[in-house]
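Trainee: Got a predicted model here, sequence first, then my questions.
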Amino acid sequence: MGKGELHVRILEGRNVKDMDSIGTGDPYVEFWIDGHEKQKTEVRHNTNSPVWLKETTYPVKGENFLHLRLLDDDIGTDDKIGESKIELGPVYKNYYQDTWVPVVHSQKSKEVNGEVHVVLEYFPK
């Protein structure tokens, strides 16, 4: 189960927490499946409701999770806004998932710092 291709679309964000003390944030998303190279969206400047429309395809062999990390682009070190992961088992079973994923700053605090709209399509081989 889960052998084929996983098409990932990172579409947009909403209610993204502003991490900058001056101005509005510059959010982007890093995403990856275990054992695969990280991908990232372009930075969207001065917005809490970014639109990315990033698409990529991963070859999969039953990997369990798609990991997401929402970051704020800064001079020097980028600030982590939050992170999450999507379980892929339901996508392998249903071939499709369209969801808003809440991102939390840490698993301990569970504070939601925004949401990322993700569409996943699975093509078995």
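Mentor: Cool, got the structure.
Trainee: wait, what's in contact with the spatially most central residue of the chain?
Mentor: What sits nearest the mean C-alpha location of the chain, by C-alpha atoms, centre = their mean, is Leu68, with 3.6 Å. By C-beta atoms under 8 Å, 6 or more residues apart in numbering, the contact set of Leu68 is 10, 29-31, 83-86, 101, 103, 116, 118. C-betas here are computed from N, CA, C, even on glycine.
Trainee: ok but Val103 is inside a helix, no?
Mentor: No: Val103 is assigned strand when assessed by DSSP: H, G, I helix; E, B strand; the rest coil, not a helix.
Trainee: Disregarding residues adjacent in the polypeptide, which is nearest to it?
Mentor: Excluding its sequence neighbours, the residue lying closest to Val103 (C-beta to C-beta, 6 or more residues apart in numbering) is Gly82, at 3.2 Å.
Trainee: Quick check, the one you found in contact with Gln107.
Mentor: No: the pair Gly82 / Gln107 is not scored as a contact, 10.4 Å apart, by C-beta atoms under 8 Å.
Trainee: Of these two, which one has the most company?
Mentor: For the pair Gly82 and Gln107, the greater number of neighbours falls to Gly82 (24 against 8), based on other C-beta atoms under 10 Å.
Trainee: Enumerate the beta-bridge partners assigned to the more buried one.
Mentor: Listed by DSSP bridges, the beta-bridge partners for Gly82 are Leu70.
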